[in-house]
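# For reference, the sequence and a predicted model appear below.
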Amino acid sequence: MERVHYSVNTTSTIMRFLIIVIFCSLQLSGFAQPRYKISEGTVYFKSDAPLEFIEAESPEIKGIIDVENRTFAFSIPMNSFQGFNSALQREHFNENYLESNKFPSGTFSGKIIEQTDFSKDGEYTVRAKGKLAIHGVEQERIIKSTVKVSGGKIYIASKFTVLLKEHDIDIPRIVFQKIAEEIEVKISATLIKA
């Protein structure tokens with residue numbers, strides 16, 4: 001069998017051709033399936049217990065929506081929440097309740113139920129169905145959100161509750177009156193084309 005030898009220039013030309021083909025295919029797949037990523041957003045939560053009110057928020061939410069397939073994935077680092085009533089309370093949140101070293105992120109991924117045309121400006125109510133994972137425990141959830149499309153951006157606002165027992169988050173009896181069993185969560189985010 002005869003071997004074919006390529007010169008450095010030929011190899012370089014082939015590599016350039018392959019890079020152009022890969023780049024073009026990525027660009028074409030991008031047009032076929034537009035994706036939007038979070039450019040800015042916040043996750044806020046509050047615990048309104050009989051003896052104490054606790055609130056905290058994080059601007060470190062990350063996420064992406066594939067509008068063609070109506071799929072999404074969001075993530076928040078649990079140790080990024082700031083606020084609380086004291087530094088000790090924040091430490092207890094991360095070490096004792098959420099065990100942030102062991103379970104570093106909260107995630108929500110799944111599919112948007114409604115057929116929504118995200119290319120048209122307007123305001124829509126959509127339901128996102130997927131798996132909400134907190135403290136290493138996944139729960140199937142349907143979360144309603146208000147979505148506003150304007151000027152090529154997508155704005156999302158959502159409010160829902162999380163039951164601590166559904167995610168195996170144990171509250172010691174000694175602080176039972178200070179931490180609510182049901183936590184209110186609010187999310188707001190702006191997404192731009194990825």
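Received it, and whenever you're ready, just let me know what you need.

# residue ranges with poor pLDDT in this protein?
Scanning the chain for pLDDT under 70 picks out the ranges 1-33.

# In it, mark out all the helices, start to finish.
Using DSSP state H, the helices found in the chain span residues 8-32, 87-92.

# center of the protein, which residue is that?
residue 74 (1.4 Å; Cα atoms, centre = their mean).

# how about that one, what does it touch?
Contacts for residue 74 were tallied using Cβ atoms under 8 Å, 6 or more residues apart in numbering; they are 38, 61-63, 107-109, 187. Backbone N, C-alpha and C define where each C-beta goes, glycine included.

# Is there a quick ChimeraX command that grabs whichever of those are buried?
ChimeraX command restricting the contacts of residue 74 to the buried ones, with burial defined by 16 or more other Cβ atoms under 10 Å:
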select :38,61,63,107,108,109,187
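
# Nearest to residue 161 among the contacts of residue 74?
residue 187 (12.5 Å; Cβ to Cβ).

# which residues touch that closest one?
The neighbours of residue 187, taking Cβ under 8 Å, 6+ apart as the test, are 41-44, 61, 74, 145, 156-159.

# Can you tell me which of these are buried?
41, 43-44, 61, 74, 145, 156, 158.

# Residue 55: which of the residues you listed is nearest?
The closest of the buried ones among the contacts of residue 187, once distances to residue 55 are taken by Cβ to Cβ, is residue 44, at 7.0 Å.

# separation between that closest one and residue 69?
Counting by Cβ to Cβ, to the nearest Å, the separation of residue 44 from residue 69 is 29 Å.

# on that earlier part again, mind checking which of the buried ones among the contacts of residue 187 land in strands?
The strands, defined by DSSP state E, take in 41, 43-44, 74, 145, 156, 158 from these.

# still on that earlier bit, same list, the buried ones among the contacts of residue 187, but as CSV with distance to residue 102 please.
As requested, the buried ones among the contacts of residue 187 are arranged in CSV below (distance: Cβ to Cβ, whole Å):
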residue, distance to residue 102
41, 25
43, 20
44, 24
61, 21
74, 20
145, 29
156, 29
158, 27
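
# And those, which is closest to residue 87?
Distances from residue 87 to those, taken by Cβ to Cβ, are shortest for residue 44, at 19.2 Å.

# now the end-to-end length of stretch 79-86.
15 Å (Cα to Cα, to the nearest Å).

# quick one: buried residues of that stretch?
Of the residues in stretch 79-86, those buried under the neighbour-count criterion (16+ other Cβ under 10 Å) are 79-81, 84.

# wait, which of these is closest to residue 149?
residue 80 (27.7 Å).

# Who are the contact partners of the residue lying closest to residue 60 once chain neighbours are set aside?
Nearest residue to residue 60 in three dimensions, chain neighbours excluded: residue 80, at 4.1 Å (Cβ to Cβ, 6 or more residues apart in numbering). For residue 80, the contacting residues are 58-60, by Cβ under 8 Å, 6+ apart.

# of these, closest to residue 167?
Among the contacts of residue 80, residue 58 lies closest to residue 167 (Cβ to Cβ), at 17.3 Å.

# The closest one: neighbour count?
Residue 58: 19 surrounding residues under other Cβ atoms under 10 Å.
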